[in-house]
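Asks: Make a model of this:
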Amino acid sequence: MHWLRTLLALLSLLAGTLAWSAPEQPKITIAVGGKPLFYYLPLTIAERLGYFKDEGLDVTITDFPGGAKALQSLMGGSADLVSGAYEHTINMQAKKQHIRSVVVQGRYAGIVLGLAPEKAAQYKSPKDLKGMKIGVTAPGSSTNMFVNALLAKDGLKPDAVSIIGVGATAGAVAAMQKRNIDAIANLDPVINLLEVSGDIVTKVDTRTLEGQKYVYGEDYAAGVIYTREDFIEKNPQTVQAVVNAMVRALRWIQKASPEEIVATVPPEYYGENKAMYRVALGKNYAAFSPDGKMTMKAAQNVYNVLKTFEPSVQQAGSIDLARTFDNRFVVEALKKYK
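Replies: Just a heads-up that it's a prediction; the model follows:
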């Protein structure tokens, strides 16, 4: 009987190994809103270093001007997962639609509020934004929610300003330089370019712990990979493979030098400004999650911020935060990638 138990144990182990390496849906699409942003750097690293392929996945990454559009592609069925803001999981539950984060990419938002120099002198607190035209990656995206959270600090509603979608690349830089907007809420490398050119004065900076605490609280979840609950239920091994690749990328970032990261990302991320890209990278190192785990405290902080300005969250009554994230896949991935 001992040999039989041993054989059964070996067969169970073999079955687990085969299941691990066999995604139910190997060909998937991941949507993202502003792929070159540091907010989503782990996604790019996983792609460029072949980590998705190593997990048996054929991944197509579709890039949109902002996270709200990426979310729409998921809910519309053209994407299987999204690299986007954790806030969306709470917003969607408030609307009776359930999506879950499966791995955290960033623990700081990394979003910066920058004002045109001629507007910056009058800024003392968020109430001074009233009446301004503020550029965000896209209406409804995390950058828009960042602005709403700032306004709520001084008792202002979202309609106290004009929100203008400017994207997350050269168009955002041009909109600020041409003064089509008075202020911008965006991320690096866009913000760093505008800081260096002198086209903005930074007023709120969640790339730093101080700025993060001011806007959101210290424990937070920013960029994540999220997907629909039904996709997780039908494709657990596919989700596991995605999370394995992302955790491996997070681990690599923790050990990589700036030079190694610059050498890995596509050249179009930095263009002719490789040195400037390295400087911007240095401002964002602390923002990346070291292990991909979500904490209930982080989820609670995000919820507390959303409740200050988001009507659907305010009207939803209770939100089951435990249903907005799933750490099971990260726990398994960390066994493979220490």
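Asks: Now the most centrally placed residue in the chain. Its backbone dihedrals?
Replies: In the chain, the centroid-proximal residue (CA atoms, centre = their mean) is residue 223; its distance is 1.8 Å. The phi/psi pair for residue 223 (degrees, to the nearest 10) reads phi -70, psi 140.
Asks: Now do the strands in the stretch 201-338 of the chain.
Replies: Here the stretch 201-338 of the chain has its strands, by DSSP state E, counting those that start in this stretch, at 201-205, 223-228.
Asks: mind checking how far the first one is from the chain centre?
Replies: Relative to the centre of its chain, strand 201-205 is centred 20 Å away, using CA atoms, centre = their mean, to the nearest Å.
Asks: Okay, buried residues for it please.
Replies: 201, 203-205 (16 or more other CB atoms under 10 Å). Where C-beta positions appear, they are placed from N, C-alpha and C, glycine not excepted.
Asks: Including pLDDT, could those residues go into CSV?
Replies: Listed next are those as CSV, based on pLDDT from 0 to 100:
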residue, pLDDT
201, 98
203, 97
204, 97
205, 96
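Asks: CSV for the strands of the stretch 201-338 of the chain, including distance to residue 53?
Replies: Shown next, in CSV, are the strands of the stretch 201-338 of the chain (distance: least, CB to CB, whole Å):
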stretch, distance to residue 53
strand 201-205, 36
strand 223-228, 17
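Asks: Beta-bridge partners for the residue nearest to the centre of the chain, please?
Replies: residue 85 (DSSP bridges).
Asks: what residue ranges in the stretch 51-200 of the chain score low on pLDDT?
Replies: Nowhere does the stretch 51-200 of the chain drop to pLDDT under 70.
Asks: Domain ranges for this structure, per the record?
Replies: The record's domain parsing of the chain by automatic domain parsing lists 2-108+220-336, 112-205.
Asks: TSV for the buried residues of strand 201-205, including distance to residue 309?
Replies: Converted to TSV, the buried residues of strand 201-205 look like this (distance: CB to CB, whole Å):
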residue	distance to residue 309
201	24
203	19
204	15
205	20
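Asks: one step back: wait, the residue nearest to the centre of the chain sits on residue 82?
Replies: No. When contacts are counted by CB atoms under 8 Å, residue 223 is not listed as touching residue 82 (10.1 Å).
Asks: Check the spacing between the closest residue to residue 39 other than its chain neighbours and residue 304 real quick.
Replies: Excluding the flanking residues, the one nearest residue 39 by CB to CB, 6 or more residues apart in numbering is residue 223, at 4.7 Å. As judged by CB to CB, to the nearest Å, residue 223 and residue 304 stand 19 Å apart.
Asks: same deal with residue 84?
Replies: Taking CB to CB as the measure, residue 84 falls 20 Å from residue 304.
Asks: Please identify which of these two sits among more neighbours.
Replies: Between residue 84 and residue 304, residue 84 has the larger neighbour count (other CB atoms under 10 Å), namely 33 against 12.
Asks: contacting residues around the more buried one?
Replies: The contact partners of residue 84, taken as CB atoms under 8 Å, 6 or more residues apart in numbering, are 31-33, 67, 70-71, 142, 223-224, 226.
Asks: What of residue 22?
Replies: Contact analysis of residue 22 by CB under 8 Å, 6+ apart lists 56, 237.
Asks: any idea which element residue 28 lies in?
Replies: According to DSSP states H and E, residue 28 maps onto strand 27-33.
Asks: elements contacting that strand?
Replies: Packing partners of strand 27-33 (3 or more CB pairs under 8 Å, 6 or more residues apart in numbering; DSSP states H and E): strand 58-64, helix 67-76, strand 81-85, helix 236-255.
Asks: Out of these, the one nearest residue 300 is which?
Replies: When those are compared for distance to residue 300 using CB to CB, the nearest one is strand 81-85, at 16.1 Å.
Asks: in which helix or strand would I find the closest residue to residue 320 other than its chain neighbours?
Replies: Closest residue to residue 320 apart from its sequence neighbours, by CB to CB, 6+ apart: residue 93 at 6.9 Å. Using DSSP H and E, residue 93 maps to helix 87-94.
Asks: who does that helix touch, helix- and strand-wise?
Replies: Applying 3+ CB pairs under 8 Å, 6+ apart, one finds that helix 87-94 contacts helix 67-76, strand 99-104, strand 223-228, helix 296-306, helix 311-315.
Asks: I'd like to know which of those is closest to residue 137.
Replies: Nearest of the helices and strands packed on helix 87-94 to residue 137, taken as CB to CB: helix 67-76 at 6.9 Å.
Asks: in that closest one, what counts as buried?
Replies: Applying 16+ other CB under 10 Å to helix 67-76 flags 67-74 as buried.
Asks: just the CA coordinates of it, formatted as PDB?
Replies: The C-alpha trace of helix 67-76 is given here as PDB (Å, rounded to 0.1, in the frame of the first residue of the first chain):
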ATOM      1  CA  GLY A  67      -7.400  53.500 -18.400                       C
ATOM      2  CA  ALA A  68     -11.100  54.200 -18.900                       C
ATOM      3  CA  LYS A  69     -10.800  53.100 -22.500                       C
ATOM      4  CA  ALA A  70      -8.900  50.000 -21.500                       C
ATOM      5  CA  LEU A  71     -11.700  49.100 -19.000                       C
ATOM      6  CA  GLN A  72     -14.300  49.600 -21.800                       C
ATOM      7  CA  SER A  73     -12.400  47.100 -23.900                       C
ATOM      8  CA  LEU A  74     -12.500  44.500 -21.100                       C
ATOM      9  CA  MET A  75     -16.300  45.000 -20.500                       C
ATOM     10  CA  GLY A  76     -17.000  45.000 -24.200                       C
END
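Asks: Thanks again, I'm all set now.
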